[in-house]
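Chemist: Okay, sequence plus prediction incoming.
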Amino acid sequence: SFPTRRSSDLNILLNGALLGFSRREMLAKVDSIHEFTGLREFADLPLKYYSSGMYMRLAFAIATEIEPDILLVDESLGVGDATFRTKAKNRILGLLDKANAVILVSHDMDTLRELCTRGLWMERGQLVDDGPIDEVVDRYLEKLQLDTPAAG
């Protein structure tokens, strides 16, 4: 017989299957994923009732628990409280040595400076700048100041 699983456990198993992991491999990760997200108390709640922040926490935890070769993080570090954001940043820092590439998409310049070494500045699908992260962020911020009319 198939054991009854919590709603979020099924999501973890499904995501793992889509990423090529076996049911057994993902079941071994369920507890650590719940621990990381801080959402264990909501594990029985159907995912359709999760807030967007709760869902993003779970998705981030699944994606980073499997230690991917390439990790693409698109603005998901902005979800959750300060404790979760710190845990997420620390997890990304831990993956930097293990992954071939970590690509972080963000408008949070402090986070980019903290986690990245290289920056690509994109506007309307076009590459504007490419280089060391501090230099790219500085040029981006300078352009913002030039484009912002002075209050008068």
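Modeler: That came in fine, so what should we check first? Residues are numbered from 1 along each chain as shown.

Chemist: To which secondary structure element is residue 102 assigned?
Modeler: strand 101-105 (DSSP states H and E).

Chemist: Mind listing what's buried along that strand?
Modeler: Residues of strand 101-105 classed as buried by neighbour count (16 or more other C-beta atoms under 10 Å): 102, 104. The C-beta positions use only the backbone N, C-alpha and C, and glycine is treated the same way.

Chemist: Show me the contact partners of it.
Modeler: 69-75, 77, 92, 95-96, 111-112, 115-116 (C-beta atoms under 8 Å, 6 or more residues apart in numbering).

Chemist: For that strand, output the C-alpha coordinates as PDB.
Modeler: This file holds the C-alpha atoms of strand 101-105, laid out as PDB (Å, rounded to 0.1, in the frame of the first residue of the first chain):
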ATOM      1  CA  ALA A 101      27.300  28.000 -11.900                       C
ATOM      2  CA  VAL A 102      25.000  30.000  -9.600                       C
ATOM      3  CA  ILE A 103      23.000  32.700 -11.400                       C
ATOM      4  CA  LEU A 104      21.200  35.200  -9.200                       C
ATOM      5  CA  VAL A 105      18.700  37.500 -10.700                       C
END
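
Chemist: Any idea which helix or strand in this protein has the lowest mean pLDDT?
Modeler: helix 7-18 (a mean of 79; mean pLDDT, DSSP states H and E).

Chemist: packing partners for it?
Modeler: Counting contacts by 3 or more C-beta pairs under 8 Å, 6 or more residues apart in numbering; DSSP states H and E, helix 7-18 packs against helix 23-27, helix 30-37, helix 52-65.

Chemist: ranking these by burial, who's on top?
Modeler: helix 52-65 (a mean of 20; mean count of other C-beta atoms under 10 Å).
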